[in-house]
Structures are given as C-alpha cells and as structure tokens.
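Asks: I would like to see how this sequence folds:
(chains A and B)
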Amino acid sequence: MIHVVDMTLLAFLALVAIAVTRMTNLFATSVLTGVYSLLMACIFTVLDAVDVAFTEAAVGAGISTVLFLATLSLTTQREKPQRSPNWKALCVALLTGGALVYGTFDMPHFGDPQAPVHQHVGPHYIGVSPTQIGVPNMVTSVLASYRGYDTLGETAVIFTACMAVLLLLQHEKRRDEQSTVEKKPDKEAMEHAIILRVQSKFFIPLILLFGLYVQFHGDFGPGGGFQAGVIFAAGIILYSLVNGLDKARQIIPPNVLHGLVAFGLLLYAGTGLASLFMDGNFLQYRALAEEATHGEHIGILLIELGVGITVATVMTSMFFSFSGRRRS
Amino acid sequence: MDLIVYYASWALLLCGAFLCAIGGLGILRLPDFYSRQHAAGITDTLGSAFVLIGLMLQSGFSLNAAKLVMILIFLILTSPVATHAIAQAARQSGLEPKVVAEEDEA
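Replies: Sure, this is the predicted structure:
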C-alpha cells in the first residue's frame, strides 16, 4: 500500500518538474515550484523524515515562493521566447546528467541495510545520543551537537546570502525612499481588503506563537531553529503584505533587523567560544555546565535560538529589500 | 455502535473524495476564472472538511482527533479568505467575469 503512495507522489513530482520546464508564464512556474516542494515534503513525511519535511514545506513551499513572486513583481511575468534550441547547452546537460546517473550505479540501493550510512556513524549516534545528549529528538542532537560545525557553516551561508542580497539591492532602495509619492497607491490598494486585514490580525499572533513553539520544542519533536525562523518570518511577511511595507518597517526598523541577522550568527559562534573558554573544545557544549547533559541542553537551546534569529531576520530583510524596490 | 461509526466515517471520506474530484473537474471544465474559483473553493472547504471529519471518526477520541479539529478550524478560517483574496485580486487587476456563455464553451 505504501508503495502506491510513493509511486503516486514520485509520478506527480516528475509531472510537476516537466510542467515547470514547459511553462513560459513565470508566475505559474514559481507557484509550481512551490507545489514541487510540497510534494517533496510529503515524500519526506512518508520516509519518516519529519524534520526535513517540515523545513521543505516551510522554506520551499512557503518563503521561497513568496520571494520568487516578489522578484517577479519587479521583473516580468513572461519568459523570454527562445526559438532556436541551444545544441551545445543540450550536449552539456545530457553529458552531466548521464554522468550523474552513471554515478548513482555505485551508490547502495534504496533502503539497503548494508549501506555505509547504516553501518558507521548512524548506529553510533543512535546508540549514544540518548545518554550522551539526552534530547528526545535525535535529529536535533545530531544537527546541533554532533554536527554543530556543519550547522554553523549553514547559518553562515544564510548570513552571507542575506549580505549579498542587501549589497545588490540596497543603494537602489535609498533612492526610492526619497520619492514617497509612488508609495501611496500601493497602500490604498490594500486599504479596502478588510477581510484580509481582520483575518491576518487573527492569525499573525497564532503564527508567531507557533514559531516560538517550534523553536523551543525542537528538542522534543520535529522542528528547530530553521523551521521556526521561517515560520516567524512568514508571520512578519504576512503582516507587511496586508498592512504595507512602511508599517512593517516601522515595527521592525531595518537597522534592528540587520543587527539581528548578525546577532544570531554571533550567538551561535559565541556559544562555541564560551565552551572553549570553559575548558572544552569549540562547540563542545558539555563544558557549559557541571553536568554533561545539562550543558548539552543549554548549548543546543542557545545555538537553535541563534539559528532561529538569523533565519527569521534574513528571510524578513530579503523580503523587505525585494519588495521595497519599485519596478523600473 | 463501532460499526455505525466505521461506516459513517467511510461515507464521509467518500463524500469528501467525491467533492474533491468534482472540484478538480470543475477547475478543468468551468468557463472562466471566477467559476473555476468556485470549484476550487469546494475542494478547499467542503471536500477537506468531509475528509477531516471522516478521519476524526476513524481515530476516535484521541490526540489525533484534537489535531484534526485544529486543522479543520484552520482550514475553515483560511481557505475561504484565500479564495476571496484571489478573486478580489483578479477583480482589481481588471478581469471581468464572463456573464454570457459563448459558443465555443458549449
């Protein structure tokens, strides 16, 4: 029975991928990429990888679709027609694809118990995590403690991406801020969307509350800093979509936002430094408290908070800088 | 009693599935944007509500049922608003509803 579900989801995935390549309307394409992410999230759920499914649903289907649409509002909705096929590009794509498919022949079969992942560190983490870390959600203990360096790297990547976006879009935005004439029609357009406003007033607190729940419940169930950050950012983005960008900027001034982007990453790295100064290695949280598992709990809480703050503010400031620009 | 609940839940699930299928058919077949929006609205609200209530009966009085109630409330509150927002956005961008049926739609 489970195979039927798998097959259906994978078939839909392939269909959506083909549809994305065939479409010329970029608006439809970006919505379809959201559908693709949602299907991926379903597949991850079927595979019992709820944490990854959560991230995929929040980031892929949620925020990145919104960012795509915000970009499209700056550019154009239609793909530029390209009549003559580019044979060189086709050759390169076919060769690379062929090489990748050839590479998969050496990989272990799907679900093979003899695969190296199931032989080496996997069983070790599963055996040792409950006593060493003491966190019920093993994904969190691997992500935050055993693989703390990798997660620090990921957070740094998100931070760098945000810096790049801000550098590319910032100076144009300044010019717009001086001309306040353009902004009024946008505001009035949303003014009579009263149903949306009432609805969002009801839902934004719930979204933020859910974000906090995901943030601090990540040790026990699916969730953690990445998912919580995205959910929190979704709440703020919803607010700025309904009430206009200016009001949202008044609530969270860009200076504070940009400061928090750096603060999250610094909190993460600072936790590592703190454990370094308390007779441990970098990011070895057990040095943070007398008892080893207690120290791990404190460390995981702090670095998840750092990840959450960075992700939420990066997503929000990216959205602000995308939608703060007017179409030229 | 159990048997009644079991059959009732299946009846509701099938009803929901039927409504979802109708909604899908409607999106494909209905003539203009606003009537398609109506079809999509059926899938969002009534179809999913029937499916969720059917699943509630399946799971009995448990935590899962409580979660399903939450999802149902969330869907009932958000889906009509989403439909409304999409229709209003279309109206504001100047899309007129087709009032008279044209020959090529028959």
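Asks: all helices for chain B, in order.
Replies: Ranges of helices in chain B, per DSSP state H, are B:2-29, B:33-42, B:48-59, B:63-92.
Asks: ugh, typo on my part, it should be the stretch 101-250 of chain A
Replies: A:121-132, A:138-140, A:148-178, A:183-191, A:194-216, A:225-243, A:245-251 (DSSP state H, counting those that start in this stretch).
Asks: so which of these comes closest to residue A:64?
Replies: Each of the helices of the stretch 101-250 of chain A has some distance to residue A:64 by CB to CB; the shortest is helix A:225-243, at 9.5 Å. (Each C-beta comes from the backbone N, C-alpha and C, glycine too.)
Asks: does the closest one come close to chain B?
Replies: No. Helix A:225-243 lies apart from chain B when judged by CB under 8 Å from any CB of the partner chain; the minimum separation is 9.6 Å.
Asks: least trustworthy helix or strand in chain A by mean pLDDT?
Replies: helix A:183-191 (a mean of 51; mean pLDDT, DSSP states H and E).
Asks: follow-up on the earlier one: comparing the helices of the stretch 101-250 of chain A by mean pLDDT, which bottoms out?
Replies: If those are sorted by mean pLDDT, helix A:183-191 sits at the bottom with a mean of 51.
Asks: how close does residue A:207 sit to residue A:254?
Replies: 22 Å (CB to CB, to the nearest Å).
Asks: so which of the helices of chain B is nearest residue A:63?
Replies: helix B:63-92 (17.3 Å).
Asks: nearest residue to the residue in chain A positioned nearest to chain B in space, please, no chain neighbours.
Replies: Of all residues in chain A, residue A:199 sits closest to chain B, at 4.7 Å by CB to the nearest CB. The shortest distance from residue A:199 to any non-neighbouring residue, by CB to CB, 6 or more residues apart in numbering or on different chains, is to residue B:81 (4.7 Å).
Asks: do the same with residue A:170
Replies: Once flanking residues are discounted, residue A:170 sits nearest to residue A:321: 6.9 Å by CB to CB, 6+ apart.
Asks: helix or strand: which one has that neighbour?
Replies: Taking DSSP states H and E as the criterion, residue A:321 maps to helix A:292-323.
Asks: next to chain B, which bits of the stretch 201-328 of chain A? Give me the list.
Replies: With CB under 8 Å from any CB as the criterion, the stretch 201-328 of chain A meets chain B at residues A:202-203.
Asks: just want the most central residue of chain B.
Replies: Geometric centre of chain B, nearest residue: residue B:43, 2.3 Å, by CA atoms, centre = their mean.
Asks: that residue and residue B:25 touch, don't they?
Replies: No. Using CB atoms under 8 Å, residue B:43 is not in contact with residue B:25; the gap is 10.2 Å.
Asks: which residue does chain B bring closest to chain A?
Replies: Counting by CB to the nearest CB, chain B gets nearest chain A through residue B:81, at 4.7 Å.
Asks: for the residue nearest to residue A:199, what are its contacts?
Replies: A:195-196, A:199 (CB atoms under 8 Å, 6 or more residues apart in numbering or on different chains).
Asks: residue A:165 touches residue A:321, doesn't it?
Replies: Yes. Here residue A:165 lies in contact with residue A:321, judged by CB under 8 Å, at a distance of 6.0 Å.
Asks: compare these two and say which is more crowded by neighbours.
Replies: The neighbour comparison of residue A:165 against residue A:321 (other CB atoms under 10 Å in any protein chain shown) goes to residue A:321, with 21 against 17.
Asks: can you pull the pLDDT of the more buried one?
Replies: 86.
Asks: how many residues are close by residue A:103?
Replies: 9.
Asks: same deal with residue A:253?
Replies: 10.
Asks: which ones are touching it?
Replies: Per CB under 8 Å, 6+ apart, neighbours of residue A:253: none.
Asks: and the gap between it and residue B:20?
Replies: Residue A:253 is 45 Å from residue B:20, by CB to CB.
Asks: same for the helix holding residue A:321, what does it pack against?
Replies: Packing partners of helix A:292-323 (3 or more CB pairs under 8 Å, 6 or more residues apart in numbering or on different chains; DSSP states H and E): helix A:64-74, helix A:121-132, helix A:148-178, helix A:194-216, helix A:225-243, helix A:245-251, helix A:254-277.
Asks: most neighbours per residue, which of those?
Replies: Stretch with highest mean neighbour count among those: helix A:225-243 (a mean of 24; mean count of other CB atoms under 10 Å in any protein chain shown).
Asks: elements contacting it?
Replies: helix A:50-55, helix A:183-191, helix A:194-216, helix A:245-251, helix A:292-323.
Asks: give me every residue in chain B lying close to chain A.
Replies: By CB under 8 Å from any CB, the residues of chain B that approach chain A are B:77-78, B:81, B:84-85, B:88, B:92.
Asks: ok, now with 7 Å
Replies: With CB under 7 Å from any CB of the partner chain as the criterion, chain B meets chain A at residues B:81, B:84-85, B:88, B:92.
Asks: quick one: buried ones out of these?
Replies: B:81, B:84-85 (16 or more other CB atoms under 10 Å in any protein chain shown).
Asks: to residue A:234, which of the helices and strands packed on helix A:225-243 lies closest?
Replies: Short answer: helix A:194-216, nearest of the helices and strands packed on helix A:225-243 by CB to CB, at 6.2 Å.
Asks: check which helices and strands that closest one is in contact with.
Replies: helix A:225-243, helix B:63-92 (3 or more CB pairs under 7 Å, 6 or more residues apart in numbering or on different chains; DSSP states H and E).
Asks: including distance to residue A:295, could these go into a markdown table?
Replies: Listed next are these as a markdown table, based on distance: least, CB to CB, whole Å:
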| stretch | distance to residue A:295 |
| --- | --- |
| helix A:225-243 | 19 |
| helix B:63-92 | 33 |
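Asks: hang on, the earlier thing: ok, the residue nearest to the centre of chain B to residue B:30 distance?
Replies: 13 Å.
Asks: cool, residue A:89 as well?
Replies: Distance from residue A:89 to residue B:30, by CB to CB: 40 Å.
Asks: can the helices and strands packed on helix A:225-243 go into TSV with extra columns for distance to residue A:235?
Replies: Shown next, in TSV, are the helices and strands packed on helix A:225-243 (distance: least, CB to CB, whole Å):
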stretch	distance to residue A:235
helix A:50-55	16
helix A:183-191	17
helix A:194-216	4
helix A:245-251	11
helix A:292-323	9
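Asks: this completes my enquiry, with thanks.
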